[in-house]
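J.: Generate a structure from the sequence data that follows.
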Amino acid sequence: MSTSDRAARRRLAIGLLLLSVLLSAAGLVIGGDGWSLVTLGDLWTGPDGRLIVGEIRAPRTLGAWLTGALLGLAGAVAQGLFRNPLADPYLLGSASGASLGVVLVLAGSALAGHGISLATADALARFGLVGAAFAGALAGVLLTLALARGAQHTTRLLLAGVVVGVVLSALSDLVTTADPDALRGKQTFLLGSTGFLGWGSCATLALGVVLAAPLAWRLSRALDALTLGEESARSLGLALPRLRMSLVAALALATGLAVSQAGLIAFVGLVSPHLVRRFAPAPHGYTLLASTATGGTLLLAADVLARALIAPQELPVGVLTAVLGGGYLVWLLYRRRWG
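T.: So this is what the prediction gives:
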C-alpha cells in the first residue's frame, strides 16, 4: 500500500469520525420546533429535558447512525458479491418481503373476512410491524435462494431476486386491495422513518452490526478474489458456493434488521461504497468497514436535515436520501460523460 493510499484512508476515517460527532451533537439539539436556541446542557437540565434528550433525540440519533451503518455494509457486500457497482441491499427480495410482512399485519382484520382465520389475524397483529418486516425480509431472501437453487451462480441469484421482488410486490398490492386502509401504513413504511427508533431498536441494530460486520470482514478476501473472476477464484482453492452463502447471510441479516426498524431507506446502501471507492480506493476489507461508517454518517445527516428543513414538520428521511443519493449519482454520471 502506497503512502498516498494510506493518507487517503486516514483522511476518510478522520472525516467520517468528525462528521459523525458533529451530526450527533446536531441530532441532540434539534427538536420538533427546529434548532433549539438554548445550549444542550440547559436543555438537559430543564423541565422534561432528560426525557426529550435521553429518551427521544439520543436513541433516534444513534439509531439513525446504526441503521445507515447496516445499509452501508449491506451495499458494499452486495456490490462485491455481484461485482456490480449498481447493486444495492434490496436486490434479493428483502424489500418486497418486508413490505408484504408489514401489509399483512396492517390488514390482518380485513383478511379475516376474506378466508383467513381470526387466529391467524390475531397472530399477525401480535407479531408486530417490526417482527413482520424482519421475517418478511428474511423470507424474501430465502425464496430467492430456493428459486436460484442456492448461491452457486451469481447471475441466477440476481435474476431470482428480481423475480421474487416482483411477485412479493404484487402480493402486497393484492392485500392492500382487500384492505385499502393498509395502504397508508404501507406508504409510511416505504418512505422510511427514523422517528420511532428507541433504545430497544438501538440495541437490536447494534447487535446486527456486531454480528454482520465481522462476518463480512472475514469474507473480504473472497470478495477480492471474485474481482479476478470466478475461474481465478476457484483456482485459488476458494469454496465459492459456501462463501456466497455466507455473504448472502450477512447481507440478509444487515438488510433485514435495518428495514425492520426504519422501513425502506433508499440509496444509502448504494451510494456509501461509491463514496469510499472514490475517496479511498482499497481492498474489500477496508471498503466494507468504511462503507459501514459512511452509511451511518449519511443517514444521520439525512435525519438531521429531515428534522430541520421544514420544522416543525418533518420530511420522510427515505425521500430525502433518495433525492440526495439520486442527485449524487446523476452528477457522477454527468461528470463521467462530459468530464
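
J.: pLDDT weak spots in the stretch 51-200 of the chain?
T.: Applying pLDDT under 70 to the stretch 51-200 of the chain picks out residues 108-127.

J.: Sorry, wrong one. I was asking about the stretch 201-339 of the chain.
T.: Scanning the stretch 201-339 of the chain for pLDDT under 70 picks out the ranges 233, 336-339.

J.: Sketch out the helices for it, chain order is fine.
T.: 220-226, 230-235, 240-262, 268-279, 284-308, 317-338 (DSSP state H, counting those that start in this stretch).

J.: Point out the most buried one among the ones you listed.
T.: Highest mean neighbour count of the helices of the stretch 201-339 of the chain: helix 284-308, a mean of 26 (counted as mean count of other Cβ atoms under 10 Å). Yep, even glycine has a C-beta here, placed from its N, CA and C like the rest.

J.: mind giving me a markdown table with the helices of the stretch 201-339 of the chain and columns for distance to Arg57?
T.: A markdown table is the format used below for these (distance: least, Cβ to Cβ, whole Å):
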| stretch | distance to Arg57 |
| --- | --- |
| helix 220-226 | 35 |
| helix 230-235 | 46 |
| helix 240-262 | 16 |
| helix 268-279 | 21 |
| helix 284-308 | 9 |
| helix 317-338 | 15 |
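
J.: wait, which of these is closest to Arg11?
T.: Arg11 sits nearest to helix 268-279 of all these, at 7.6 Å, using Cβ to Cβ.

J.: Between helix 284-308 and the closest one, find me the angle.
T.: Angle, helix 268-279 to helix 284-308, by axes from the mean of the first three to the mean of the last three Cα atoms, to 10 degrees: 120 degrees.

J.: packing partners for helix 268-279?
T.: helix 3-29, helix 58-82, helix 284-308, helix 317-338 (3 or more Cβ pairs under 8 Å, 6 or more residues apart in numbering; DSSP states H and E).

J.: In CSV: the ones you listed, plus distance to Leu247.
T.: Below are these laid out as CSV (distance: least, Cβ to Cβ, whole Å):
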stretch, distance to Leu247
helix 3-29, 23
helix 58-82, 5
helix 284-308, 10
helix 317-338, 23
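
J.: which one of those lies closest to Leu191?
T.: Here helix 317-338 is closest among those (Cβ to Cβ), at 4.7 Å.

J.: on that earlier part again, the helices and strands packed on helix 268-279: which one's closest to Ser99?
T.: Of all the helices and strands packed on helix 268-279, helix 317-338 comes closest under Cβ to Cβ, at 12.5 Å.

J.: Dump the closest one to CSV, keeping only the CA atoms.
T.: Once non-C-alpha atoms are left out, helix 317-338 reads as follows in CSV (Å, rounded to 0.1, in the frame of the first residue of the first chain):
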residue,chain,number,x,y,z
VAL,A,317,-36.0,10.5,5.6
GLY,A,318,-36.2,7.9,2.9
VAL,A,319,-37.4,10.6,0.4
LEU,A,320,-34.5,12.8,1.4
THR,A,321,-31.9,10.1,0.9
ALA,A,322,-33.4,9.2,-2.5
VAL,A,323,-33.2,12.9,-3.6
LEU,A,324,-29.7,13.4,-2.3
GLY,A,325,-28.4,10.0,-3.4
GLY,A,326,-30.0,10.1,-6.8
GLY,A,327,-28.7,13.6,-7.3
TYR,A,328,-25.2,12.4,-6.5
LEU,A,329,-25.4,9.5,-8.9
VAL,A,330,-26.7,11.8,-11.7
TRP,A,331,-23.8,14.2,-11.1
LEU,A,332,-21.4,11.3,-11.1
LEU,A,333,-22.8,10.1,-14.5
TYR,A,334,-22.7,13.6,-15.9
ARG,A,335,-19.1,14.1,-14.8
ARG,A,336,-18.0,10.8,-16.4
ARG,A,337,-19.9,11.6,-19.6
TRP,A,338,-18.6,15.1,-20.0
